[in-house]
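# just to be clear, the model below is a prediction. Sequence and coordinates:
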Amino acid sequence: MAADLNSYLIVGAVLFVCGVICMATKRNAIGVLMGVELVLNGANVNFVAFSRFTNLGLDGQVFSLFVIVLAAAEAAVALAIALNFYNNHLTIDVDRANKLKG
Amino acid sequence: MSGESFLFTIFALITCLSAIAVVFSQTVVRMAFWLVISLGSTAALFFLANADFVGAAQLLIYVGGTLVLLVFGVMLTASGPYLKIATSPGETVIGGFLGLLFLFIVFAARSGVEWRKPTAPAETLNSSGAVGNTLRPLGLAFLGARPDKDLNEDVDTTSPGYLLPFEIVSVHLLVVLIGAAYLARAKKRVGSVQAS
């Protein structure tokens, strides 16, 4: 397939949907985190593709850099929460996190 | 088929297939491996789209930093080798069905939009941004200057840069790292064993 805007958008859509399925079906908290990373990467592919193939200029690349930095921050905090959860429950299964259920 | 299309096809296939492999992997270590492959070939796609600095940042931050963090998380939370937390088959079927439905919706929305064609050929859009070597214009944009937009223009106003979001994201990163270190610090497991 040719390297045009539509092909990049297809790659971004596949990454996004894989991430959403990962978030919805995985029961491991680290797996859910990996799904979030896939979703953010799909968005990044779209940003870079729009920056390349339309006359937006550099704005798309600037936004994808912001997304990368925020994803790193999110991963650090979520990892800390997962470690705390493991310390308290001795498992990382998100279905066991039901202490706040009414 | 030109060389760019050939490389794009290869890296797009690697990206999509390893993202699907992340979904279908059972153990979390294999998921991390396929995620490394997927993110690395996404960086190659960025290089193909003339975004050299973004591709390098993707390799450095994602593949070098975030994935190492994730693998440490896997190691610190493993209660045995090859930890498997299986999803029930019904949930897998429902998740896969909803995922395919969602993919169909996204594809339909994508093909339903008539994307605005660039007014100029992509190679001559802006002299600095769209043809690679984006390091200097990106740095200037983060400092609040946009010479790639403001030069060759007749209007008197200047384009806004990204100085304030850059400062906000810097402070945000500092706060987040302090908070993560505070949350994840080693504590004695007092009372947690009998509580769980």
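Nice, I can see it.

# buried set for stretch B:30-41?
Using 16 or more other Cβ atoms under 10 Å in any protein chain shown as the burial criterion, the residues of stretch B:30-41 that qualify are B:31-41. Any C-beta I mention is one placed from the backbone N, CA and C, and that applies to glycine too.

# likewise for stretch B:61-69?
Quick answer for stretch B:61-69 (16+ other Cβ under 10 Å): B:61-63, B:66-67, B:69.

# show me which of the residues you listed neighbour chain A.
Restricting those to those adjacent to chain A (criterion: Cβ under 8 Å from any Cβ of the partner chain) gives B:61-62, B:66, B:69.

# okay if I get the residues you listed as TSV plus secondary structure and distance to A:Val62?
As requested, these are exported to TSV (DSSP: H, G, I helix; E, B strand; the rest coil; distance: Cβ to Cβ, whole Å):
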residue	secondary structure	distance to A:Val62
B:Ile61	helix	15
B:Tyr62	helix	17
B:Thr66	helix	20
B:Leu69	helix	24
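
# would you list those residues in a markdown table and tack on pLDDT and distance to A:Phe85?
Putting these into a markdown table (pLDDT from 0 to 100; distance: Cβ to Cβ, whole Å) gives the following:
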| residue | pLDDT | distance to A:Phe85 |
| --- | --- | --- |
| B:Ile61 | 91 | 25 |
| B:Tyr62 | 88 | 24 |
| B:Thr66 | 86 | 19 |
| B:Leu69 | 86 | 16 |
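
# phi, psi of the nearest residue to A:Asp4 once chain neighbours are set aside?
By the measure of Cβ to Cβ, 6 or more residues apart in numbering or on different chains, the closest residue to A:Asp4 outside its immediate chain neighbours is A:Phe53, 6.7 Å from it. Torsion angles at A:Phe53 (phi, psi; degrees, to the nearest 10) stand at phi -100, psi 0.

# state the number of residues packed around A:Ser7.
Neighbouring residues of A:Ser7 were enumerated by other Cβ atoms under 10 Å in any protein chain shown; the total is 17.

# which ones are touching it?
A:Ser7 is in contact with A:1, B:8, B:12, counting by Cβ atoms under 8 Å, 6 or more residues apart in numbering or on different chains.

# of those residues, which belong to strands?
When DSSP state E defines the strands, the subset of the contacts of A:Ser7 inside them is empty.

# okay, and which of these map to helices?
When the contacts of A:Ser7 are checked against helices (DSSP state H), the matches are B:8, B:12.

# show me which of the contacts of A:Ser7 are buried.
With burial judged by 16+ other Cβ under 10 Å, the buried subset of these is B:8, B:12.

# kindly state the pLDDT recorded for residue 95?
The chain I'm using is chain A. At A:Asp95, the predicted lDDT confidence score is 82.

# chain B, not that one
You'll see B:Gly95 listed with a pLDDT of 88.

# again with the one 4 residues further on
In this model, B:Gly99 is scored at 91, pLDDT.

# try the one 4 residues further on
The per-residue pLDDT reported for B:Leu103 equals 92.

# next one: B:Lys187
On the pLDDT scale, B:Lys187 is placed at 66.

# for chain B, what helix or strand is lowest in average pLDDT?
Using mean pLDDT, DSSP states H and E, helix B:192-195 stands out as the lowest-scoring helix or strand of chain B, at a mean of 51.

# would you map the helices across chain B?
Assigned helices in chain B, in chain order: B:3-24, B:28-48, B:52-57, B:67-76, B:89-111, B:135-142, B:147-150, B:163-183, B:192-195 (criterion: DSSP H).

# and the fourth one with helix B:163-183, angle?
Pointing back at helix B:67-76 there. If you take axes from the mean of the first three to the mean of the last three Cα atoms, to 10 degrees, helix B:67-76 sits at 20 degrees to helix B:163-183.
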